[in-house]
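Peer 1: Quick one: sequence plus predicted model below, questions after.
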Amino acid sequence: MLNKRMVSVLLRSLPMLSLLPFSLVCGPAQAAELVVRLGFSSPLSGPQAPAGKDSLNGVQMAIERLNQQGVKVDGKVLRFELLIKDDKANPQTGAVVAKELVDAGVKAVLGPFNSGVALATSKIYNDAGVVSLTVASNPKVTQSALNHVFRIAASDSEMGSKMALYAARNLKLKAVAIVDDGSAYAQGLIEEFQKTVRQNGVQIVYKAAISDKETDFSGVLNNIRAARAEAIFFGGYVSQASGMLKQMQQLGMPTLLLGGDALCSSVMLTQAGTSLGDRTYCVQGGVWLTRVSDGAVFASAYQSKYGSMPDVYAPTFYDGVMLLAQAMKSSNSIDTRNFLPVLARLRYKGITASYEFDAKHDMKESTVTILRFKDGKLAPLSSF
(Lines give C-alpha, C1' and ligand atoms only; values in the text may rest on other atoms or scores of the structure.)
Protein backbone atom coordinates (compact mmCIF):
# COMPACT_ATOMS: atom_id res chain seq x y z
CA MET A 1 0.00 0.00 0.00
CA LEU A 2 1.04 3.58 -0.63
CA ASN A 3 1.89 5.62 2.43
CA LYS A 4 1.18 9.35 2.61
CA ARG A 5 4.76 10.28 1.72
CA MET A 6 4.67 8.20 -1.51
CA VAL A 7 1.32 9.69 -2.53
CA SER A 8 2.70 13.17 -1.96
CA VAL A 9 5.72 12.46 -4.17
CA LEU A 10 3.52 11.08 -6.97
CA LEU A 11 1.18 14.07 -6.89
CA ARG A 12 4.13 16.47 -7.08
CA SER A 13 5.42 14.59 -10.14
CA LEU A 14 2.17 14.92 -12.18
CA PRO A 15 2.91 18.38 -13.64
CA MET A 16 6.33 17.09 -14.71
CA LEU A 17 4.74 14.04 -16.35
CA SER A 18 2.35 16.30 -18.26
CA LEU A 19 5.32 18.11 -19.78
CA LEU A 20 6.95 14.93 -21.08
CA PRO A 21 6.52 14.01 -24.77
CA PHE A 22 3.35 12.01 -25.24
CA SER A 23 5.34 9.17 -26.80
CA LEU A 24 7.39 8.73 -23.62
CA VAL A 25 4.30 8.58 -21.43
CA CYS A 26 2.14 6.32 -23.61
CA GLY A 27 4.68 4.07 -25.25
CA PRO A 28 6.37 3.72 -28.63
CA ALA A 29 3.27 3.69 -30.89
CA GLN A 30 2.90 7.49 -30.84
CA ALA A 31 6.63 8.01 -31.41
CA ALA A 32 6.25 6.51 -34.92
CA GLU A 33 4.25 9.53 -36.14
CA LEU A 34 5.62 12.40 -38.24
CA VAL A 35 3.73 15.69 -38.48
CA VAL A 36 3.74 17.36 -41.90
CA ARG A 37 2.54 20.94 -41.77
CA LEU A 38 1.11 22.38 -45.00
CA GLY A 39 -0.05 25.92 -45.72
CA PHE A 40 -3.02 27.22 -47.69
CA SER A 41 -3.23 30.66 -49.28
CA SER A 42 -6.26 31.87 -51.23
CA PRO A 43 -9.00 34.52 -50.93
CA LEU A 44 -11.37 33.59 -48.09
CA SER A 45 -13.03 37.00 -47.83
CA GLY A 46 -14.18 39.54 -50.38
CA PRO A 47 -15.68 38.94 -53.85
CA GLN A 48 -13.48 35.93 -54.62
CA ALA A 49 -14.13 34.14 -51.33
CA PRO A 50 -16.35 31.42 -52.89
CA ALA A 51 -13.46 30.30 -55.13
CA GLY A 52 -11.05 30.28 -52.20
CA LYS A 53 -13.39 28.33 -49.94
CA ASP A 54 -14.05 25.76 -52.67
CA SER A 55 -10.30 25.30 -53.09
CA LEU A 56 -9.86 24.96 -49.33
CA ASN A 57 -12.55 22.28 -49.21
CA GLY A 58 -10.58 20.24 -51.74
CA VAL A 59 -7.40 20.54 -49.66
CA GLN A 60 -9.16 19.52 -46.47
CA MET A 61 -10.77 16.49 -48.13
CA ALA A 62 -7.35 15.28 -49.25
CA ILE A 63 -5.78 15.78 -45.84
CA GLU A 64 -8.61 13.90 -44.13
CA ARG A 65 -8.19 10.99 -46.53
CA LEU A 66 -4.42 10.84 -46.10
CA ASN A 67 -4.70 10.94 -42.30
CA GLN A 68 -7.22 8.10 -42.44
CA GLN A 69 -4.96 6.04 -44.71
CA GLY A 70 -1.93 6.37 -42.47
CA VAL A 71 0.64 7.00 -45.19
CA LYS A 72 4.10 5.90 -44.04
CA VAL A 73 7.50 7.46 -44.71
CA ASP A 74 10.70 5.98 -43.29
CA GLY A 75 8.60 3.62 -41.21
CA LYS A 76 6.62 6.42 -39.57
CA VAL A 77 2.97 7.37 -40.11
CA LEU A 78 2.47 10.85 -41.53
CA ARG A 79 -0.08 13.15 -39.93
CA PHE A 80 -0.88 16.16 -42.10
CA GLU A 81 -1.83 19.48 -40.54
CA LEU A 82 -3.04 22.59 -42.37
CA LEU A 83 -2.36 26.24 -41.62
CA ILE A 84 -5.01 28.34 -43.40
CA LYS A 85 -4.43 31.93 -44.51
CA ASP A 86 -6.71 34.44 -46.24
CA ASP A 87 -4.63 36.37 -48.79
CA LYS A 88 -7.71 38.41 -49.83
CA ALA A 89 -6.64 38.12 -53.51
CA ASN A 90 -4.27 40.99 -52.72
CA PRO A 91 -0.55 40.80 -53.62
CA GLN A 92 0.55 42.83 -50.56
CA THR A 93 -1.52 40.70 -48.19
CA GLY A 94 -0.29 37.61 -49.98
CA ALA A 95 3.33 38.57 -49.32
CA VAL A 96 2.59 39.00 -45.60
CA VAL A 97 0.79 35.64 -45.55
CA ALA A 98 3.69 33.98 -47.35
CA LYS A 99 6.17 35.13 -44.72
CA GLU A 100 3.86 33.93 -41.94
CA LEU A 101 3.59 30.48 -43.51
CA VAL A 102 7.36 30.29 -44.02
CA ASP A 103 7.95 31.29 -40.38
CA ALA A 104 5.48 28.61 -39.28
CA GLY A 105 7.66 25.97 -40.88
CA VAL A 106 5.30 24.63 -43.55
CA LYS A 107 6.73 22.10 -45.99
CA ALA A 108 4.54 23.28 -48.88
CA VAL A 109 1.75 25.72 -49.68
CA LEU A 110 -1.40 24.97 -51.63
CA GLY A 111 -1.90 28.22 -53.50
CA PRO A 112 -1.99 31.05 -54.18
CA PHE A 113 -5.15 31.11 -56.29
CA ASN A 114 -4.60 34.47 -58.01
CA SER A 115 -1.87 35.33 -60.49
CA GLY A 116 -1.15 38.69 -58.87
CA VAL A 117 -0.64 37.07 -55.47
CA ALA A 118 1.45 34.26 -56.95
CA LEU A 119 3.73 36.76 -58.72
CA ALA A 120 4.22 38.59 -55.40
CA THR A 121 4.95 35.45 -53.36
CA SER A 122 6.67 32.88 -55.57
CA LYS A 123 10.18 34.18 -54.81
CA ILE A 124 9.41 34.31 -51.07
CA TYR A 125 8.46 30.64 -51.03
CA ASN A 126 11.28 29.65 -53.36
CA ASP A 127 13.99 31.43 -51.37
CA ALA A 128 12.72 29.82 -48.16
CA GLY A 129 12.78 26.35 -49.68
CA VAL A 130 8.98 25.96 -49.45
CA VAL A 131 7.13 24.25 -52.30
CA SER A 132 4.23 26.23 -53.80
CA LEU A 133 1.52 24.42 -55.78
CA THR A 134 -0.52 27.13 -57.50
CA VAL A 135 -3.36 27.33 -60.01
CA ALA A 136 -2.38 30.92 -60.94
CA SER A 137 -2.46 31.02 -64.74
CA ASN A 138 -0.18 33.93 -65.69
CA PRO A 139 2.77 32.42 -67.62
CA LYS A 140 5.26 34.52 -65.61
CA VAL A 141 4.42 32.69 -62.37
CA THR A 142 6.58 29.70 -63.30
CA GLN A 143 10.22 30.36 -64.15
CA SER A 144 13.17 28.00 -64.37
CA ALA A 145 14.92 29.93 -61.59
CA LEU A 146 12.03 29.26 -59.17
CA ASN A 147 12.42 25.52 -58.79
CA HIS A 148 10.08 25.28 -55.77
CA VAL A 149 7.09 26.67 -57.69
CA PHE A 150 4.75 24.31 -59.56
CA ARG A 151 1.64 25.14 -61.61
CA ILE A 152 -0.97 22.39 -61.17
CA ALA A 153 -3.48 23.78 -63.68
CA ALA A 154 -3.44 24.99 -67.27
CA SER A 155 -1.69 28.29 -67.92
CA ASP A 156 -3.06 31.26 -69.84
CA SER A 157 -1.19 30.10 -72.90
CA GLU A 158 -3.51 27.08 -72.96
CA MET A 159 -6.76 28.62 -71.75
CA GLY A 160 -6.57 31.91 -73.64
CA SER A 161 -5.47 30.36 -76.91
CA LYS A 162 -7.96 27.47 -76.81
CA MET A 163 -10.89 29.75 -76.00
CA ALA A 164 -9.78 31.82 -79.02
CA LEU A 165 -9.72 28.71 -81.21
CA TYR A 166 -13.21 27.74 -80.05
CA ALA A 167 -14.47 31.27 -80.72
CA ALA A 168 -13.11 31.23 -84.25
CA ARG A 169 -13.78 27.64 -85.28
CA ASN A 170 -16.90 26.64 -83.37
CA LEU A 171 -18.69 29.93 -82.68
CA LYS A 172 -17.41 31.30 -86.03
CA LEU A 173 -17.02 34.81 -84.66
CA LYS A 174 -15.64 37.54 -86.91
CA ALA A 175 -15.53 40.55 -84.55
CA VAL A 176 -14.85 40.61 -80.81
CA ALA A 177 -14.27 43.21 -78.09
CA ILE A 178 -11.87 42.82 -75.17
CA VAL A 179 -12.42 44.17 -71.66
CA ASP A 180 -9.45 44.07 -69.27
CA ASP A 181 -9.81 44.47 -65.48
CA GLY A 182 -6.10 45.28 -65.12
CA SER A 183 -5.20 42.23 -63.04
CA ALA A 184 -2.19 39.99 -63.64
CA TYR A 185 -4.70 37.22 -64.35
CA ALA A 186 -6.31 39.23 -67.14
CA GLN A 187 -2.99 40.24 -68.65
CA GLY A 188 -1.81 36.75 -69.47
CA LEU A 189 -5.23 35.51 -70.53
CA ILE A 190 -5.89 38.43 -72.88
CA GLU A 191 -2.44 38.31 -74.48
CA GLU A 192 -2.95 34.69 -75.50
CA PHE A 193 -6.57 35.16 -76.58
CA GLN A 194 -5.98 38.15 -78.83
CA LYS A 195 -2.88 36.63 -80.44
CA THR A 196 -4.74 33.45 -81.38
CA VAL A 197 -8.00 35.03 -82.56
CA ARG A 198 -6.07 37.33 -84.89
CA GLN A 199 -4.19 34.35 -86.28
CA ASN A 200 -7.58 32.75 -87.00
CA GLY A 201 -9.12 35.68 -88.85
CA VAL A 202 -11.11 37.27 -86.01
CA GLN A 203 -10.98 41.06 -85.79
CA ILE A 204 -10.64 42.86 -82.44
CA VAL A 205 -12.93 45.84 -82.95
CA TYR A 206 -12.72 47.43 -79.50
CA LYS A 207 -10.56 47.21 -76.36
CA ALA A 208 -11.27 48.72 -72.95
CA ALA A 209 -9.33 48.80 -69.69
CA ILE A 210 -11.37 49.11 -66.51
CA SER A 211 -10.65 49.15 -62.79
CA ASP A 212 -11.23 45.90 -60.94
CA LYS A 213 -13.58 47.93 -58.70
CA GLU A 214 -15.70 49.20 -61.64
CA THR A 215 -19.46 48.69 -61.33
CA ASP A 216 -20.88 50.87 -64.12
CA PHE A 217 -20.13 49.36 -67.53
CA SER A 218 -22.68 51.34 -69.56
CA GLY A 219 -20.11 53.49 -71.36
CA VAL A 220 -17.95 50.53 -72.32
CA LEU A 221 -20.97 48.46 -73.38
CA ASN A 222 -22.35 51.25 -75.58
CA ASN A 223 -18.98 51.51 -77.31
CA ILE A 224 -18.93 47.76 -77.83
CA ARG A 225 -22.38 47.87 -79.36
CA ALA A 226 -21.35 50.72 -81.64
CA ALA A 227 -18.30 48.70 -82.75
CA ARG A 228 -20.64 45.80 -83.65
CA ALA A 229 -18.75 43.21 -81.68
CA GLU A 230 -20.37 39.77 -81.69
CA ALA A 231 -18.76 38.82 -78.39
CA ILE A 232 -16.88 40.29 -75.43
CA PHE A 233 -13.82 38.52 -74.09
CA PHE A 234 -13.59 39.57 -70.44
CA GLY A 235 -10.36 39.24 -68.48
CA GLY A 236 -11.57 39.35 -64.89
CA TYR A 237 -13.60 37.70 -62.17
CA VAL A 238 -17.18 36.71 -61.38
CA SER A 239 -18.36 39.79 -59.48
CA GLN A 240 -17.73 42.12 -62.43
CA ALA A 241 -18.73 39.62 -65.11
CA SER A 242 -22.13 39.12 -63.48
CA GLY A 243 -22.62 42.89 -63.19
CA MET A 244 -21.68 43.32 -66.84
CA LEU A 245 -24.18 40.66 -67.90
CA LYS A 246 -27.00 42.37 -66.00
CA GLN A 247 -26.26 45.69 -67.70
CA MET A 248 -26.03 43.98 -71.09
CA GLN A 249 -29.50 42.57 -70.45
CA GLN A 250 -30.80 46.03 -69.52
CA LEU A 251 -29.35 47.47 -72.73
CA GLY A 252 -30.86 44.68 -74.82
CA MET A 253 -27.46 43.51 -76.06
CA PRO A 254 -27.44 39.96 -77.49
CA THR A 255 -23.61 39.91 -77.39
CA LEU A 256 -21.87 36.76 -76.17
CA LEU A 257 -19.62 36.91 -73.10
CA LEU A 258 -16.44 34.80 -73.10
CA GLY A 259 -14.01 34.45 -70.23
CA GLY A 260 -11.36 32.36 -68.52
CA ASP A 261 -11.52 29.80 -65.74
CA ALA A 262 -12.47 32.42 -63.15
CA LEU A 263 -15.95 32.56 -64.72
CA CYS A 264 -16.45 28.77 -64.64
CA SER A 265 -18.07 29.08 -61.24
CA SER A 266 -21.49 28.25 -59.83
CA VAL A 267 -21.36 31.70 -58.22
CA MET A 268 -22.13 33.10 -61.68
CA LEU A 269 -25.51 31.40 -61.47
CA THR A 270 -26.46 33.15 -58.25
CA GLN A 271 -24.93 36.55 -59.03
CA ALA A 272 -25.90 36.94 -62.70
CA GLY A 273 -29.29 35.23 -62.52
CA THR A 274 -31.39 35.36 -65.67
CA SER A 275 -28.91 37.67 -67.41
CA LEU A 276 -26.65 34.64 -67.96
CA GLY A 277 -29.03 33.23 -70.52
CA ASP A 278 -27.19 30.81 -72.76
CA ARG A 279 -24.61 33.28 -74.08
CA THR A 280 -21.86 32.95 -71.47
CA TYR A 281 -18.83 30.75 -72.20
CA CYS A 282 -15.73 29.98 -70.12
CA VAL A 283 -12.67 27.75 -70.28
CA GLN A 284 -11.33 25.58 -67.47
CA GLY A 285 -8.18 23.49 -67.12
CA GLY A 286 -8.59 19.71 -67.12
CA VAL A 287 -11.40 17.42 -68.18
CA TRP A 288 -14.83 18.34 -66.81
CA LEU A 289 -15.45 16.61 -63.49
CA THR A 290 -18.52 14.58 -64.39
CA ARG A 291 -16.95 13.26 -67.60
CA VAL A 292 -14.42 11.08 -65.78
CA SER A 293 -15.20 8.27 -63.33
CA ASP A 294 -12.89 9.57 -60.57
CA GLY A 295 -14.44 13.00 -60.98
CA ALA A 296 -17.95 11.68 -60.43
CA VAL A 297 -16.83 9.88 -57.26
CA PHE A 298 -15.11 13.03 -55.99
CA ALA A 299 -18.16 15.18 -56.77
CA SER A 300 -20.42 12.80 -54.86
CA ALA A 301 -18.12 12.77 -51.81
CA TYR A 302 -17.79 16.56 -51.91
CA GLN A 303 -21.55 17.05 -52.09
CA SER A 304 -22.10 14.65 -49.19
CA LYS A 305 -19.61 16.55 -47.06
CA TYR A 306 -20.36 20.17 -47.96
CA GLY A 307 -23.93 20.06 -49.27
CA SER A 308 -23.08 21.41 -52.74
CA MET A 309 -21.24 20.37 -55.87
CA PRO A 310 -17.54 21.26 -56.13
CA ASP A 311 -16.71 24.40 -58.06
CA VAL A 312 -13.72 25.17 -60.27
CA TYR A 313 -10.58 24.12 -58.41
CA ALA A 314 -11.54 21.87 -55.48
CA PRO A 315 -10.44 18.73 -57.35
CA THR A 316 -7.20 20.38 -58.49
CA PHE A 317 -6.21 21.38 -54.95
CA TYR A 318 -7.19 17.90 -53.76
CA ASP A 319 -4.80 16.51 -56.36
CA GLY A 320 -2.12 18.95 -55.19
CA VAL A 321 -2.11 17.49 -51.69
CA MET A 322 -2.02 13.98 -53.11
CA LEU A 323 0.93 14.94 -55.34
CA LEU A 324 2.89 16.08 -52.30
CA ALA A 325 2.09 12.92 -50.37
CA GLN A 326 3.14 10.76 -53.30
CA ALA A 327 6.44 12.64 -53.67
CA MET A 328 7.17 12.20 -49.95
CA LYS A 329 6.26 8.53 -50.08
CA SER A 330 8.36 7.89 -53.22
CA SER A 331 11.39 9.72 -51.77
CA ASN A 332 10.80 8.14 -48.34
CA SER A 333 11.31 11.58 -46.82
CA ILE A 334 9.47 14.69 -45.70
CA ASP A 335 12.62 16.77 -46.20
CA THR A 336 11.99 19.17 -49.08
CA ARG A 337 15.52 18.64 -50.38
CA ASN A 338 14.64 14.98 -50.91
CA PHE A 339 11.03 15.07 -52.11
CA LEU A 340 11.36 18.16 -54.35
CA PRO A 341 13.32 16.43 -57.15
CA VAL A 342 10.92 13.48 -56.98
CA LEU A 343 7.94 15.83 -57.32
CA ALA A 344 9.56 17.47 -60.35
CA ARG A 345 9.76 14.17 -62.24
CA LEU A 346 6.61 12.55 -60.85
CA ARG A 347 3.86 11.14 -63.06
CA TYR A 348 0.53 11.11 -61.29
CA LYS A 349 -3.03 10.56 -62.52
CA GLY A 350 -5.33 12.87 -60.63
CA ILE A 351 -9.07 13.40 -60.66
CA THR A 352 -9.37 15.45 -63.86
CA ALA A 353 -5.78 15.66 -65.10
CA SER A 354 -2.53 13.73 -65.45
CA TYR A 355 0.32 15.54 -63.73
CA GLU A 356 3.81 15.60 -65.17
CA PHE A 357 5.96 18.74 -65.15
CA ASP A 358 8.29 20.31 -67.68
CA ALA A 359 11.53 22.16 -66.88
CA LYS A 360 9.62 25.29 -65.73
CA HIS A 361 7.24 23.15 -63.63
CA ASP A 362 4.27 23.76 -65.88
CA MET A 363 2.15 20.72 -66.71
CA LYS A 364 3.33 18.91 -69.85
CA GLU A 365 -0.21 18.01 -70.82
CA SER A 366 -2.79 20.73 -70.24
CA THR A 367 -6.19 19.67 -71.51
CA VAL A 368 -8.86 22.36 -71.18
CA THR A 369 -12.64 22.21 -71.33
CA ILE A 370 -14.88 24.85 -72.94
CA LEU A 371 -18.14 25.28 -71.02
CA ARG A 372 -21.39 27.17 -71.49
CA PHE A 373 -23.98 28.28 -68.99
CA LYS A 374 -27.30 26.87 -70.14
CA ASP A 375 -30.59 26.09 -68.39
CA GLY A 376 -29.19 27.16 -65.03
CA LYS A 377 -26.05 25.04 -65.06
CA LEU A 378 -22.58 24.73 -66.56
CA ALA A 379 -22.51 22.39 -69.55
CA PRO A 380 -19.20 21.07 -70.96
CA LEU A 381 -18.93 21.50 -74.73
CA SER A 382 -15.48 20.39 -75.77
CA SER A 383 -12.24 19.17 -74.19
CA PHE A 384 -8.98 19.46 -76.13
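Peer 2: Happy to help now that I have it.
Peer 1: can we go C-alpha only for contacts and neighbour counts from here?
Peer 2: Fine.
Peer 1: Show me what the residue lying closest to residue 70 once chain neighbours are set aside is bridged to.
Peer 2: Closest residue to residue 70 apart from its sequence neighbours, by Cα to Cα, 6 or more residues apart in numbering: residue 77 at 5.5 Å. The partner list for residue 77 in beta bridges (DSSP bridges) reads residue 33, residue 72.
Peer 1: check contacts around residue 77.
Peer 2: Residue 77 is in contact with 32, 33, 34, 70, 71, counting by Cα atoms under 8 Å, 6 or more residues apart in numbering.
Peer 1: Give me the distance between the first one and residue 184.
Peer 2: With the distance defined as Cα to Cα, to the nearest Å, residue 32 ends up 45 Å from residue 184.
Peer 1: again with the second one
Peer 2: For residue 33, the distance to residue 184 (Cα to Cα) stands at 42 Å.
Peer 1: what's the answer for residue 84, then?
Peer 2: 24 Å.
Peer 1: which one of these two has more residues nearby?
Peer 2: Applying other Cα atoms under 10 Å to residue 84 and residue 184 shows that residue 184 carries more neighbours, namely 22 against 17.
Peer 1: I'd guessed the more buried one sits against residue 115; true?
Peer 2: Yes. Contact status for residue 184 versus residue 115: in contact at 5.6 Å, counting by Cα atoms under 8 Å.
Peer 1: between those two, what contacts are shared?
Peer 2: residue 138.
Peer 1: In this structure residue 328 contacts residue 334, no?
Peer 2: Yes. Using Cα under 8 Å, residue 328 is in contact with residue 334, at 5.4 Å.
Peer 1: residues shared between the contacts of the two?
Peer 2: residue 73.
Peer 1: higher neighbour count, those two?
Peer 2: residue 328 (24 against 21).
Peer 1: dump the residue contacts of that one.
Peer 2: 73, 334, 339.
Peer 1: any chance of those in CSV, plus pLDDT and distance to residue 121?
Peer 2: Formatted as CSV, the contacts of residue 328 follow (pLDDT from 0 to 100; distance: Cα to Cα, whole Å):
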residue, pLDDT, distance to residue 121
73, 96, 29
334, 98, 23
339, 98, 21
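Peer 1: What ranges does the stretch 101-250 of the chain have for its helices?
Peer 2: Using DSSP state H, counting those that start in this stretch, the helices found in the stretch 101-250 of the chain span residues 115-128, 156-169, 184-199, 218-226, 238-250.
Peer 1: er, the stretch 251-384 of the chain I mean
Peer 2: 267-272, 293-306, 314-331, 336-345.
Peer 1: and residue 228, what pLDDT?
Peer 2: According to the prediction, residue 228 has pLDDT 98.
Peer 1: just to revisit the earlier point, could I get the helices of the stretch 251-384 of the chain as TSV with distance to residue 208?
Peer 2: Shown next, in TSV, are the helices of the stretch 251-384 of the chain (distance: least, Cα to Cα, whole Å):
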stretch	distance to residue 208
helix 267-272	21
helix 293-306	38
helix 314-331	32
helix 336-345	40
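Peer 1: Please work out which of the ones you listed is packed deepest.
Peer 2: Of those, the one with the most neighbours on average (mean count of other Cα atoms under 10 Å) is helix 314-331, at a mean of 23.
Peer 1: ok, now which ones touch the residue lying closest to residue 278 once chain neighbours are set aside?
Peer 2: Among residues not flanking residue 278 along the chain, residue 374 sits closest, at 4.7 Å (Cα to Cα, 6+ apart). The contact partners of residue 374, taken as Cα under 8 Å, 6+ apart, are 277, 278, 279.
Peer 1: So which of those is surrounded by the most neighbours?
Peer 2: Ranked by neighbour count (other Cα under 10 Å), the contacts of residue 374 have residue 277 at the top, with 18 neighbours.
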